[in-house]
Each structure stands twice: as C-alpha cells, then as structure tokens.
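A.B. asks: Here you go, sequence then predicted model.
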Amino acid sequence: MNQFILRQGSARELNAFPHILEFALKKNNSIQLNSLHPTTTETIRIYFILDGKFEWIIDRKNHILYPGDLAIILPGQTFSGEKDTLHIGSLIWISLQVEKLDVRGITLGQWSQLSQQECQTIGKILLHNNNPVLKLKDALTLLQTLHKELTTQEIGHTTRVNQLMDELFIYIARQSTHQNNSQRDFPQAFTKLEQTLRQNLGHHWTVEEMAALIGLGTTTLTEKVKKYTGFSPLSYLINIRISEAIKLLNRKEENVTDIALLTGFYSSQHFSTTFKKLTGYTPSEFRKRNLNDKK
Amino acid sequence: MDCIITIELGTNAVRIFAFDLHGNVIDTMKGSYPTFHTEPDYSEQDPEQMFITMLYVLKNLLTEKIHPNNYQVVSICFSSSMHSVLAIDDHGVPLGYAFTWADNRGKLEAQELRNSGLGKKLYQNTGTPIHPMSPLVKITWMKNHDPERFKKTYKFLSIKGYIIQQLTGEYFIDYSLASATGLLNINTIQWEKDALDYAGISPDKLPDLVPIFYSPGKLRKEYQRLLGLDPATKLILGSSDGCMATLGAGVWSEGKGTITIEDSGAVRVVGKEIIKDEKQRFFNYLLTENCYVSGGPTNNGGVVFEWFAKQFGDFKIPYEIEYTMEALVNEASNVVVGSDGLLFLPYLLGERAPIWNANARGSYFGLNIKHERQHFIRATIEGILYEIYSIGKTLEEHRSIKSLSVNGSFASIPFCSQLIADIFNKPVSVSSDTTSRGSFLMSATDMGKYSNLEEASRSVILTDIYEPRVNDHKIYQKYFSIFERVTAKLTDEFEDIAKLQQKH
C-alpha cells in the first residue's frame, strides 16, 4: 500500500461517512523530533503498525509498538511519542467520531449495525481495558479492504465501509478481552471480573456483559462460574449486592432507598424482597437487630 | 428420615454436606467467596459475604434436596480453616475484613517473638508455631499498626465465631480452634496469660472457651423460618478443618499418619500427648481433652503444580486447567523415577514446616542437556512430594508411622498417591471429603451412635490401597538426600534472592 491521507472536509471519499474524520497511511523514513506532541481529542484514534518500532505514551503509560500491533486511544486520553518523537516505520490510522462513550456503553451513530446490547458491552470493554496496545495482525486485511472500498467506490460501498468499521470494533473488543485474560487462569479472570462488578455495583449487569469482559460466550461463562463459585453469575452478583448492602445498613448513614440503588437493585421494594428472601430479615429489621444486639 | 448437616468454612469456599445417619452423603453444595490482597502480605476476606454465601448455600441445599425428600435435620456441625482473626464492635458488626490464615503482615512481629525466650515458652505452652499465621501475632500486629481498630474492638473472633454469632447471637470458640490461635495453653485449656499480655488483650476480648461438642444455642427465629428448620435443630460448634480432616480420614490411633494436599498441605498424626520439638517445627492442636493432632504444614502443595500448569500447560480449551493438568500428569508418567536426575525445590511461596523459612524459593537443580519438557513436569510433582516427605520424616523422629491416609485434590491424583507410597515406603489409602466426614462423625458421636471419636473413626472406609514399590523407594531416597542438602545449603542464598525480589 502506498501512502495516503483522507481528511473529512477535503477528501470526497469521506463525504458519505461524516463519522470518519481521518484515515491515513504514512511511511516515515527518518526520525522526526518534536512531531508527536501530547494531544487529547474527542475522537477515538486507532493506529496500526505496518513496520518499524514506535515508542509512545498513551494515557500516561509507556508502550513500545511493533508491526501487527494496534493502539486504541479513547476520547480524553492523551497520546504522544516518547520525547515527542515519531520513529522510523509505517503506520495506518483512523480517527473516528463517536456519539458517546461512558459506563453505560458506546454509541457509535446511525451508521452502525451493532445492537444496543453489543454497544453497551463493547463500551464497557473499552473503558475497562487497561492495555491500549493489542496484538491484532488480522486488522491489516480489514484496513486494506476499507481503503479499497473507499477509493474504488464500487456498488454497495457505503454499506461495506460501515460494516468494516463495526467489524473493527468487534475485533478490538474481542482481542482486548482475550489479551486481558490469559485463558489459562480462570480464578484470576474471575477475580478481575468481580472487581469490575464491585466498582460498578449500581449498574444492572447482564450475563452478556460479564461474559464479554472475561472473553467467553454466555453459556461457557455460566458453566464455569457455576463450577467455580457454586452459583450462577447473577446469583453470585446478588451475594455481592447483599453483602455490600449489609455493610451500608450497619453504617446507619444511608437510608434504605439509597442503599437499594447504590447496590444495584431496581427499587427499594425489589431490594427488600430480595434481602428478606436471602437473609430472613427486611433491611430495616436487620438494621434494628444489630442495634438491639448491643451487649 | 433423620439427617446431619455439616458446614465447612474453607479458605476459598463454604462446603455444606447432608449425611444420612449411616454416613452416606445425601447431597452437597458449595459457594465460593473471594480473598482480597490489597497490599503485599495482606490476605483478607469479607465476613459479611461469607455469611451470606453460607446462608444462601444452606438454604438452597435444604429447600432443594432436604425438605422435599422429608429429611429431618437433627444437627448442624461446623468446621473452619484455622488462624483467622476478625475484629468486631459491640454490635457484632465487623471492623473491616477478616485476616485469613495466609495473611503475612505480622512477619516482623513473628520473627522477633520466635527468637526470644518468651517465644520459645509460648510455643511450648500453646503448641502453635510462632508465625505470621498465628492470631497471637495478628492481634499484636493490629495493636502496633492499627491502634484505632484495636481500641474499638469489642471482641476478636474467628470466621467461624462470627458465623455462629450471626446465627445465634452468642460468642463462643471451641478448644480445638482456640488451640490454633497461639493464645491457648493446651495443657490447662485456659487462655495463656503471657500470650494475652503480649498481644495486649484481656480474656474478655475473646469469646468464651467451650468443648467441640458444645451447642452454642438456638438459631435466631428469623433463620429458623428462612431455612425451614425446627427450633430443636441442634447446632454443634465443631472443630477446625485440619482436626476434622484427620478424624474423617480414619486416622485415630498410633502408627497412622494423614497427608492432606490441596493448594497447601499438611502431614498429621494423632496422639495423647503433644510433640515437644526443640526446633519449633510442629503444631500441636487440641481436638478434645487429651487428644492432640500434631504435624507440620506446607505452603507449596497443589498450588505449585497449578502454577506450573498455567505457565507450561497447553490450554487446548480455554481455562480448562483440570484437563490441562491431567494431560501433564500423563506426560510425567512417561518419565523414569527420579526424572533422570532433575530435582525441584518447590518453595515458591516460602516454606513453613520443616524449614520454616519465608525466604525460601523454588529451583530446578541437576539440569543437563538431555532433559526434556516432560522431565520438568515429573520433577515438579516429585519436588512437591519430597517436601511433604521431609515433614513426615521429621515427624517420625517423634512418632512411628506405619501407614498413611491421603486426601485432598492433589494428593488423591492416583499418580501422586502412588508416588507418596513409594517415597515414604508405606502403604497409602485414599479418602475423600474428609473434613465433612469428620464433622459427621462428631455429630453422630454426639447423638450416641458411636461411644467415642475413636470408635467413630474406625467406621471410615478406606479405598484404593497403594503399596510401596521398594525399588522406586531406593531411588527416591538417593534423590531426597540431595534435595535435603541443597535446601539446607541454599539458606543464605534464599535470603539474598528474596531481598532482591522485594526490592525490585
């Protein structure tokens, strides 16, 4: 592939794709000092290394990238070259405007075919991924096809380009779950998942989301969690919710409705029923019991 | 029909069994809870989650398997892992998480006390080695480093003590679990004043001392209703997992030893007297009056083989460690006894008995150009078992062991059971679910089904007898002698490398 640069506004190839702000391939033949200053954007930036070796700082962490590596920089994260330098080598990048990315998920835009459920999960994976550099050789073919579709503009190319963008997000999400979990140590992967659940206990987690974070399908996840913990993933989550609720009840500062929402129940009614079913007490009875228990 | 429930509060999970009165398992369920390592050396668990998990599992077992089949629950007997400490306030509310047996934050306190005159005396009187695992050391740590929590503490409980308090509102600890705290004089069965003084507490900071058969009172009404249990259901305090496993393995007379290898492991014997060891290498825990379980624990059991499998196993199916380990064991069995001269020191987690050196580290020794991947597999397994043997061998300086009963997920792999027989040159039998079976035997004895624990232990049916292969034993002896010497010679280097590892 030769060098190219397509920019929204000037490249007519991107007219039909307002969400793609930039798509480029650069062959850098000499070390360029002071060319890669720290930047933060509102877009998602994806870099793919074709050859060479690059030393970058992404979100305040140092990374060395080799051919076949893909880096993803999220909105608000800083990105720069080590000592602001761009090293010798070739790379492809895309800068993409997304509508929203937060704990509730990612909203890509009208162009995307991904379901709301899938976007929720992908968003979570992107935010919880602590290594922005992925080993993703397969992305090369995808990027080459993307370039071909954009430049040849054959019939159906609008659909194909958007499909390829969706596919790129699926690649990235899958690879980050695989890379974050060695697929060897289930207890370790489960501990990580559990930490994530605890950090967002107010969220109404689904089994699909949990499975995606650990890099398994829902059936396999349920089987594994059941074997390892004795509970289904959702029952295990209820254990965590109730034990956190007990801690908050004992602290006496929060009212029962707030505790219900903080620990991920739909309402105080839902909280009370579940709490009573598991502990034999309503939340307020439980609170009272520990007051009366005083020796 | 009557049935007996046993609740085992283990390190990673609670396991609840229902037995009929003949000792057949009606059903069993488990529920796991996490361990938190927020700082190096910290190992903590959430007592509230443990309680909820226990309650949830118990409720599921009762409503799914026991009530529909018209079983009547006669008694519920408890056991738990040893050495846990939980500080609670005067409402019974936990002050932070519980310290598990594996919590090492008191290592400086332990080192200081172990080498002092007081330490030697405390070991003699309490039977518990002076080690960061010991609640004596943990409470002392809290006094020195977390004085606010220490001051607020109404009582220091064990995990089991907390569960009992939640269920009944009462504060008790059985002699047996108390004998693993480093705070109990195992001769007089009273709190040891010097130990309490050292930890800076008075006896009222501890629960009341009672025998293992003691019933701590009735379930609170709310739990009777929740679980569908009769008010007459008897709760029995029970013992520790180690003592129960020894009872449940049918080892209740002289000449027998038991080997448990799960993640960690232990070699234990039972006797009417404690083992007095100058070098403080063994624990002596009390089960009932004049009945002691003595032995030595290792950190490096199945957890080391699991480490090996995670690094070098080929995970054809993601996360399938059992399948992977099975394949490794098959490969190991193709290698000759002694792994063609490749030796492995398994001290990845430092070591307790018999060397009691937290700085000990692992090593492969004797590597030559002909060694292949499969030699490493076999050497790893042999190394783990040499360490077990080194505990057994030092125990034999005090007691004779004629036969062994092994249990636990690692020791009961047939390949490992046979290796134990060969390395020890003793017949080995295998038993399973020994901790729960021990609790069952206690409950059944309490009901009068057996006249005493010794008679109860004789009812244990042992299967799979592995006879030692004498020629293999001779080869293992030669390698073990090198294993022992290399371990001893590396003492200084262990210390140096551990220091470097902590620095970087």
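C.D. replies: Everything's here; your move.
A.B. asks: which parts of the top helix by length along chain B are buried?
C.D. replies: Across chain B, the helix with the greatest residue count (assigned by DSSP state H) is helix B:373-395. Applying a neighbour-count criterion of 16 or more other CB atoms under 10 Å in any protein chain shown, the buried positions in helix B:373-395 are B:374-395. Placement of C-beta: from N, CA and C, glycine included.
A.B. asks: try stretch B:486-497
C.D. replies: B:487, B:490, B:494.
A.B. asks: same deal with stretch B:333-348?
C.D. replies: When neighbours are counted by 16+ other CB under 10 Å, the buried residues of stretch B:333-348 are found to be B:335, B:337-348.
A.B. asks: would you list these in JSON lines and tack on pLDDT?
C.D. replies: Formatted as JSON lines, the buried residues of stretch B:333-348 follow (pLDDT from 0 to 100):
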{"residue": "B:Val335", "pLDDT": "97"}
{"residue": "B:Val337", "pLDDT": "97"}
{"residue": "B:Gly338", "pLDDT": "97"}
{"residue": "B:Ser339", "pLDDT": "98"}
{"residue": "B:Asp340", "pLDDT": "97"}
{"residue": "B:Gly341", "pLDDT": "97"}
{"residue": "B:Leu342", "pLDDT": "98"}
{"residue": "B:Leu343", "pLDDT": "98"}
{"residue": "B:Phe344", "pLDDT": "98"}
{"residue": "B:Leu345", "pLDDT": "98"}
{"residue": "B:Pro346", "pLDDT": "98"}
{"residue": "B:Tyr347", "pLDDT": "97"}
{"residue": "B:Leu348", "pLDDT": "95"}
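A.B. asks: Leaving out sequence neighbours, find the closest residue to the closest residue to chain B within chain A.
C.D. replies: Chain B sits closest to A:Gly280 of chain A, with a gap of 3.4 Å, by CB to the nearest CB. Computed as CB to CB, 6 or more residues apart in numbering or on different chains, the closest residue to A:Gly280 that is not its neighbour in sequence is B:Leu226, at 3.4 Å.
A.B. asks: and the one you found, what is it in contact with?
C.D. replies: Listed by CB atoms under 8 Å, 6 or more residues apart in numbering or on different chains, the contact partners of B:Leu226 are A:279-280, B:55, B:59.
A.B. asks: Could you check which helix or strand contains it?
C.D. replies: The secondary structure element spanning B:Leu226 is helix B:221-227 (assigned by DSSP states H and E).
A.B. asks: By mean pLDDT, point me to the weakest helix or strand of chain A.
C.D. replies: When the helices and strands of chain A are compared on mean pLDDT, DSSP states H and E, helix A:283-292 comes out lowest with a mean of 87.
A.B. asks: Please tell me the pLDDT value assigned to the residue of chain A closest to chain B.
C.D. replies: Looking at A:Gly280, its pLDDT reads 95.
A.B. asks: Show the contacting residues for it.
C.D. replies: B:55, B:220, B:222-223, B:225-227.
A.B. asks: Filter those residues down to the buried ones.
C.D. replies: B:55, B:220, B:222-223, B:226-227.
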